[in-house]
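*Asks:* for reference, the sequence and a predicted model appear below.
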Amino acid sequence: MYKFQYPKLFLFLACIVAAYLLFEQEVFDWLITKLGGKSYLGAFVAGLFFSFGFTSPFAVAFFVELAPTVDPLVASALGGIGAFFADLVIFEIIRFSFFHDELRRLHESRLLQWLHNLLHHERISEQLRRYLLWSFAGIVIASPLPDEIGVALVSGITRIEIQKVGILCFSLNTLGIFLILMIARAATV
């Protein structure tokens with residue numbers, strides 16, 4: 001019997017498809033209308049969902065729908081605050097991550113083993129290796145990808161204080177949300 005190797009990653013892709021379909025059916029527009037002028041509250045709540053793997057596609061769709069009606073600076077800051085709170089929860093329970101088992105299996109895959117060997121080549125200094133890991137973690141946190149991955153990388157790189165993780169996550173998520181809002185605004189013009 002064949003056992004599906006990455007069911008949670010498949011579920012994440014299914015969430016992306018579901019978010020797109022709900023967006024096409026104008027469900028997020030309906031939600032914004034139901035909020036009745038409380039779009040900034042919606043930005044905060046969407047920020048909470050932006051950090052978690054299975055809910056991030058829905059948060060992105062909500063931000064895309066919200067973009068024409070809000071100030072991008074205010075909405076991205078409020079979304080960043082919501083994401084900040086979610087990332088602090090992720091940081092505290094990272095050892096029990098929902099993706100942990102699949103991330104471990106992915107780490108053992110040929111591609112990631114090759115990347116690991118490449119990064120740990122004798123010609124690559126420890127300083128460059130850390131810089132690359134921090135950069136990759138930052139890109140993951142700023143993007144709609146599951147923050148569990150980026151936070152796990154950051155918490156595994158060094159003994160980092162929770163305050164620094166919070167500042168990093170708030171800044172990167174705010175930037176990522178701001179970029180989503182600006183791209184969505186540009187697409188509607």
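*Replies:* That came through, no problem. Because the structure is a prediction, the values reported are computed rather than measured.
*Asks:* export the helix or strand containing A86 to CSV, keeping only CA atoms.
*Replies:* Taking DSSP states H and E as the definition, A86 sits inside helix 72-92. Output of helix 72-92 as CSV, limited to C-alpha atoms (Å, rounded to 0.1, in the frame of the first residue of the first chain):
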residue,chain,number,x,y,z
PRO,A,72,-1.4,50.3,3.2
LEU,A,73,1.0,51.6,5.9
VAL,A,74,-1.7,51.4,8.6
ALA,A,75,-3.1,48.0,7.4
SER,A,76,0.4,46.4,7.1
ALA,A,77,1.4,47.6,10.5
LEU,A,78,-1.8,46.2,12.1
GLY,A,79,-1.4,43.0,10.1
GLY,A,80,2.2,42.9,11.3
ILE,A,81,1.1,43.2,14.9
GLY,A,82,-1.3,40.3,14.4
ALA,A,83,1.5,38.2,12.8
PHE,A,84,3.8,39.2,15.6
PHE,A,85,1.5,37.7,18.2
ALA,A,86,1.1,34.6,16.1
ASP,A,87,4.8,34.2,15.6
LEU,A,88,5.4,34.5,19.3
VAL,A,89,3.1,31.6,19.8
ILE,A,90,4.9,29.7,17.1
PHE,A,91,8.3,30.5,18.7
GLU,A,92,7.1,29.2,22.1
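*Asks:* what helices or strands is that helix leaning on?
*Replies:* helix 39-50, helix 56-66, helix 147-157, helix 162-188 (3 or more Cβ pairs under 8 Å, 6 or more residues apart in numbering; DSSP states H and E). C-beta coordinates here come from the backbone N, C-alpha and C atoms, glycine included.
*Asks:* mind redoing it with 7 Å?
*Replies:* Where contact means 3 or more Cβ pairs under 7 Å, 6 or more residues apart in numbering; DSSP states H and E, helix 72-92 is packed against helix 39-50, helix 147-157, helix 162-188.
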